[in-house]
Every structure is written in structure tokens, then in C-alpha cells.
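Asker: Here is my input, please return the structure:
(4 chains)
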Number of protein chains: 2
Amino acid sequence: MYSIGQLSKRTGVKVPTIRYYEQMGLLAVPGRTGGNQRRYGEGELQQLGFIKHARDLGFSIAAIRALIELQDHPDRTCGEANAIAEAQLTEVRDKISQLRKLEGELERIVSGCDGAGPSSDCYVLASLADHGTCNGTH
Amino acid sequence: MYSIGQLSKRTGVKVPTIRYYEQMGLLAVPGRTGGNQRRYGEGELQQLGFIKHARDLGFSIAAIRALIELQDHPDRTCGEANAIAEAQLTEVRDKISQLRKLEGELERIVSGCDGAGPSSDCYVLASLADHGTCNGTH
DNA sequence: TGTAGTATCTCTAGTGACTAGAGGTTCAAG
DNA sequence: CTTGAACCTCTAGTCACTAGAGATACTACA
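Answerer: All right, here's what the predicted structure looks like:
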């Protein structure tokens, strides 16, 4: 049996976050000691590992809830889980392409400024003020 | 003179967001009509354009506040603005590299699952439960 | 057994950057 | 002068936590 602090150390999930996951219905409500402290078993350790891994991959709490729902009903096909994962992959790819555009634009802005002159002549500030200097990247 | 709705249409910033920026001290407090409605001039239009452009590039409200601070003191060197922009570029690059890792992992997970079998055999769920299947990517 | 110090408990509020809605007032066109 | 859209303020909700207060419980050592 693990205390919440021990569970935290083993999984790398902070103590208040574990309580938050319980509140959000992701983690099973654990047993308690006579003094009202949570005590966890191996099942909860596994479950929290699953949650952490999914969060690290960027799945939302709602998506994780859906995945857990699927775990609990092994008779359903795994198509739903796959769809959730694919949606997440699409989202990640969209974010990457968006960020690449920003990277290009920021590079252009930063490289136009040597940081020496007065801010009244600053290329960074001028670029931000005038959208027209962007090459249609966004 | 523009009403808040006209300003919104011209800049693409939603009306409540404009009021929010005013509250956050990014946008100058505008004049009002007798009936207490905001009226904006060209200066505010420019300013809001600046803010929107910076937000689109991912600058935080705090960073934008600092940039506006610099605009208002043209005697300072532009090194500060450059530093803020460079920090933003670094952040964007870090996010991209992080997201690339996630993309790779999600691709691996998704491609291992055809979505047909029962969720008890689901590769997506198994991968999320067992961090060991990741190739040390995170 | 006593005690010191750490861990835990619940509860509320704060973060960032908005967004939504209620309930009321003002503006502009016809 | 009326109608309906736009505007006003204020509060609360979003997401996934994080911080802190104030109280209680556990654990290791003397």
C-alpha cells in the first residue's frame, strides 16, 4: 500500500495533481486509513502511470477519460481508442506547422535587429507594428 | 472615430478581447460618448494591430506589455525588444522539438493499431499503459 | 510513551488569455 | 418615435493544474 506521497514519487505526478485527477474522475477513489489518509494499491499505480503517459503525450483530461472508459469495457472495439489517438496526432501536427511559421517569422524579425540602436528605430517593434513586413506567413 | 465593434472588425480582435486588453493595461483607455460607449482613434487602431500581431506570434501579455513600455520610451536601446523576441523564438523552437517527439510516438502508437479488434487487445491502450514500449523518446 | 517534524487532509483562490451569459442602456436607421 | 442591433458592467466558466491556509495524522527517535 502506498501513501499519496509515495505514489507521487513513483509516478512523478505531484500530490495535488493526484488529488485533482481523483476529483476529475480519472483515478479510482482509493481506500483510507482510520485517520482519513488515502492508501493506494498496484492497480491505482498502473492507472496513474497510464494517465501520466497520456498527459505527457498531450491528451486532454476528457480524452483520457474516454480512453479509460474503453479500458473498462473490453468488449468494445478499439476503433474509438485509435480515433482519439489519431485526433491527437492531427492536433500535434497542426500545432507543429503553425509553430514553424511563427519560427520563420520570428527569425526574420530577430535577424533584422542588432539590438544596438534606440528603440525608436527598432526593427522588432517596427515589424510587430506593421503586419505588412511579414511575407504573408500568417 | 471607431466604436468598439468597428475596431473589432478592422483588427479581427473580438469585442470582449478588446475590453480585456484595456483592463490588462495593453490598450489605452479610450474616450467615451455621452452614453458611456468607447470611441477609438487611429492611435488605438495601430496599437491594437501591434498587440494582435504580437499575440499571433505567441508573445504573452506580459511580454507585450514590456514591448509597449519600450515603444513609449524611444530613448532606450532596442536590445531589450530584441531579447524578448529572441526568448520567444527559443520558446517556439523548444515547443517544436517537443511536439516532434510526441508526433513520432503518436505515429508509432497509431500505426500499431488497425482499430478492428476488441479494446482489450488495443495497441493504443497498451502503449499508453506501458511506457516501456516507447523508444525512450520522452 | 512523548514529542518533533514531516505528510496528509479539505477548502478556497489564483494562473493565462480569454469566452459566455445576464440584465440593462444607448445608438442609428427608417 | 420605434425597433433592433450594439454597447455597457459584472460575474462566472474554461483547462489543467498550483499555491496557500489551517487543521489533523503519521512516523521515527529518545
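Asker: Where does chain A get nearest to DNA strand C, residue-wise?
Answerer: A:Gly5 (2.3 Å; Cβ to the nearest atom of the strand). (C-beta placed from N, C-alpha, C; glycine too.)
Asker: export the strand or helix carrying that residue as CSV, just CAs?
Answerer: Using DSSP states H and E, A:Gly5 sits in helix A:4-11. What follows is helix A:4-11, C-alpha atoms only, in CSV (Å, rounded to 0.1, in the frame of the first residue of the first chain):
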residue,chain,number,x,y,z
ILE,A,4,-0.2,9.6,-1.8
GLY,A,5,3.3,10.9,-1.4
GLN,A,6,4.8,7.5,-2.2
LEU,A,7,2.5,7.2,-5.3
SER,A,8,3.7,10.7,-6.3
LYS,A,9,7.4,9.7,-6.1
ARG,A,10,6.8,6.5,-8.0
THR,A,11,4.9,8.1,-10.9
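Asker: Ranking helices and strands of chain A by mean pLDDT, which lands last?
Answerer: The weakest-scoring helix or strand in chain A, judged by mean pLDDT, DSSP states H and E, is helix A:123-129 (a mean of 90).
Asker: Any idea how far it is from the middle of the chain?
Answerer: Computed by Cα atoms, centre = their mean, to the nearest Å, the chain-centroid distance of helix A:123-129 equals 32 Å.
Asker: Please apply the same query to stretch A:84-102.
Answerer: With Cα atoms, centre = their mean, you get 13 Å for stretch A:84-102.
Asker: Contacts made by it with the rest, please.
Answerer: A:57-59, A:63, A:66-67, A:137-138, B:57-58, B:92, B:95-96, B:99-100, B:102-103, B:106-107, B:109-110, B:113, B:124 (Cβ atoms under 8 Å, 6 or more residues apart in numbering or on different chains).
Asker: Of all residues in chain A, which one is nearest the centre?
Answerer: Among the residues of chain A, A:Gly58 comes closest to the average C-alpha position under Cα atoms, centre = their mean, at 3.6 Å.
Asker: now the helix of greatest length in chain A against helix B:79-111, angle please.
Answerer: When chain A is parsed with DSSP state H, its longest helix is helix A:79-111. Calculated by axes from the mean of the first three to the mean of the last three Cα atoms, to 10 degrees, helix A:79-111 forms an angle of 160 degrees with helix B:79-111.
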